[in-house]
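In: Sequence below, structure please.
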Amino acid sequence: MDVFKAISERRSVRKFKKMEIEDQLIYKILETGLWAPSAGNLQSWDVILINDQEIKQKLTTAAYMRDFISEAPVVMVLCANMHKSATIYNDRGRELFCIQDAACAGQNMLLAIHALGLGACWVGAFDEWLVAEAVVLPRHLRPVALIPFGYPDETPLPPPRRELDELIHWNKFGQEVCIER
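Out: This next block holds a predicted model:
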């Protein structure tokens, strides 16, 4: 699939067919995450794959009752590995780079999911503590996203997008710096 087509046609899918996903497809998706850019090539992210219904229900609760999470065949809990990134980049690695690494890997995997004829939805609104409790996360892992995925049972319409002119700023954004040191 053409990368431009994959980017423009990928949608957030929230309805899934009751079909299992072959392990080879799951591993192919995860492998695309490894090729994402990452600070110092540390690949400071981890993933927990959930297919247990009881745990998926706990994740649904943690995500403020978004029922489609428990209805997906597989839910990926994408985590930033704060310790791994901090070993080289200290606080900036712990607070930012590991989250960027996880987000880049997640985007690659979302595109791979779409290219393979599957559907997924990036869920960022959740109670981190409840997610950590549900999947028994160690302290050095921070959940960044829940990604329920499976064979889509819907074809969502494209959402509206901003005009490029609204977000492009050449050379400077404004007249003065508003960030404190």
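
In: So which residue is dead centre in this structure?
Out: In the chain, the C-alpha closest to the average C-alpha coordinate belongs to Gly106, at a distance of 3.9 Å (C-alpha atoms, centre = their mean).

In: Check the burial of Ile48 by counting its neighbours.
Out: 17 (other C-beta atoms under 10 Å). Where C-beta positions appear, they are placed from N, C-alpha and C, glycine not excepted.

In: mind checking the SS state of it?
Out: Three-state assignment for Ile48 (DSSP: H, G, I helix; E, B strand; the rest coil): strand.

In: State the phi and psi torsions of Phe16.
Out: Backbone torsions of Phe16, given as degrees, to the nearest 10, read phi -130, psi 150.

In: actually Asp67, not the one I typed
Out: The phi/psi pair for Asp67 (degrees, to the nearest 10) is phi -60, psi -30.

In: these two touch, right, Leu141 and Leu78?
Out: No: applying C-beta atoms under 8 Å, one finds Leu141 not in contact with Leu78, separated by 10.0 Å.

In: what about the longest helix in this structure?
Out: Counting residues, the longest helix found in the chain (DSSP state H) is helix 98-115.

In: could you pull out the helices for this structure?
Out: Using DSSP H, the helices assigned to the chain run over residues 3-9, 23-34, 53-62, 68-71, 82-92, 98-115, 128-135, 164-167.

In: what's in contact with the fourth one?
Out: Right, helix 68-71. For helix 68-71, the surrounding residues in contact (C-beta atoms under 8 Å, 6 or more residues apart in numbering) are 14-16, 53, 56-57, 59-60, 63, 75, 121, 123, 146, 148.

In: Kindly report the same for the longest one.
Out: Taking C-beta under 8 Å, 6+ apart as the criterion, the residues outside helix 98-115 that touch it are 1, 3, 6-7, 9-11, 28-30, 32-39, 42-45, 76, 78-82, 84-86, 119-120, 122, 142, 144-145, 147, 149.
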